[in-house]
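Enquirer: I need the structure of the sequence given here:
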Amino acid sequence: MPKIVDHDSQRRELAEAAYRVIARGGLEGATVRLVAEEARCSTGPLAHYFGGKADLLVHALRHATAKTAARMIEHRQSARGVEGLRCVLREALPLDSERRAEWRVWLAFWGGAATDRALAREQSRRYADWRALVVALLREAEQDGEIQPGLDLTHEASVLLALIDGLGIQAMFERERRGASWQEAVIDRQLAMLVRGNEGAVAAGKKSGRVGAG
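Expert: Down below sits the predicted model:
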C-alpha cells in the first residue's frame, strides 16, 4: 500500500524551518542548504514543494503571519469591540520571546520587500488583511457605542497599524527601555483617545503616566 503523504503538512514544516533560520540569521542567511539542515532533510523536498528560494521565503513570511493570526483569532472569538481590539493589537507587539522572534522575521522581510516585488506584494497583502481586521473591530466598537461616532475607521485603523509598527521597532532595538508594560500602556492610552467622549483618556493617562517619559 503506497505511503500517504500530507503535502500541506510537509510544506508547513519546511516553511517553519525557514522561519526559524530567518529569525536567527535574517534573509541573507536563509540558504536552501541551511533550511534543509534545519528541517533535517535533503534539499530535494524544498525543490519539490517550492518554486525556488523566493517562493520559500514568501511561505516563511506567511507562516510567521499565520502564527500571529492564530492567536488573534482566539481573542476574536472571546472578545469584541475595544477589548477585542486591545487584545489583538497586543498580539502584534514583541511582548515575549515568541513574538520577538516573529518581529525579527518581519524586520528581515521589510528590508527585503524594499527591493523584491514578490515580497512587497506579500507585505501589501499582509497589511490589507491586518487593516481589515482592525477596521472590523473598530466597527464593532462603534456599533456598541464604545467609541466616538462618525470616525473614519479606515484612517483610525491605519493610525493604529502605524503605532504598532513604531512601538515594535522601538521595543526591538531598545528592549530595556521599551518593555512589555510600556508597549501595553501606549496601546491603552491610544485606545482611550477613541473612547466615546474620551471618558477613558484621563484615567488611562494617569495609569500609564510613564508613557510620556523618554
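Enquirer: dump the residue contacts of the residue nearest to the spatial centre of the chain.
Expert: The centroid of the chain falls nearest to residue 92 when counting by C-alpha atoms, centre = their mean (4.3 Å). By C-beta atoms under 8 Å, 6 or more residues apart in numbering, residue 92 lies in contact with 68, 72, 130, 164, 168. Using the backbone N, CA and C atoms, a C-beta is placed for each residue, glycine as well.
Enquirer: who touches the helix or strand hosting the last one?
Expert: Residue 168 is located in helix 153-173, with elements delineated by DSSP states H and E. Applying C-beta under 8 Å, 6+ apart, the set of residues contacting helix 153-173 from outside is 85, 89, 92-94, 100, 103-104, 106-107, 127, 130-131, 134-135, 138-139, 142, 178-179, 182-183, 186-187, 190, 194.
Enquirer: and it, what's buried?
Expert: Within helix 153-173, the residues scored as buried using 16 or more other C-beta atoms under 10 Å are 153, 156-157, 160-161, 164, 167-171.
Enquirer: for this protein, give me the ranges with low pLDDT.
Expert: Where the chain drops to pLDDT under 70, the residues are 1-6, 196-214.
Enquirer: at 50 instead, please
Expert: Low-confidence segments of the chain (pLDDT under 50): 1-2, 200-214.
Enquirer: helices along that one, start to end?
Expert: Taking DSSP state H as the criterion, the chain carries its helices at 7-25, 32-39, 44-49, 53-78, 81-91, 97-113, 117-143, 153-173, 180-194, 201-207.
Enquirer: pick the most buried one from these.
Expert: When these are scored by mean count of other C-beta atoms under 10 Å, the highest mean neighbour count falls to helix 81-91 (a mean of 20).
Enquirer: okay, the angle between that helix and helix 180-194?
Expert: 150 degrees (axes from the mean of the first three to the mean of the last three C-alpha atoms, to 10 degrees).
Enquirer: angle of helix 81-91 against helix 97-113?
Expert: Counting by the same axes, to 10 degrees, helix 81-91 points 80 degrees away from the direction of helix 97-113.
Enquirer: starting at the chain centroid, how far to helix 81-91?
Expert: Relative to its parent chain, helix 81-91 has a centroid offset of 13 Å by C-alpha atoms, centre = their mean, to the nearest Å.
Enquirer: which elements pack onto that helix?
Expert: Judged by 3 or more C-beta pairs under 8 Å, 6 or more residues apart in numbering; DSSP states H and E, the packing partners of helix 81-91 are helix 53-78, helix 117-143, helix 153-173, helix 180-194.
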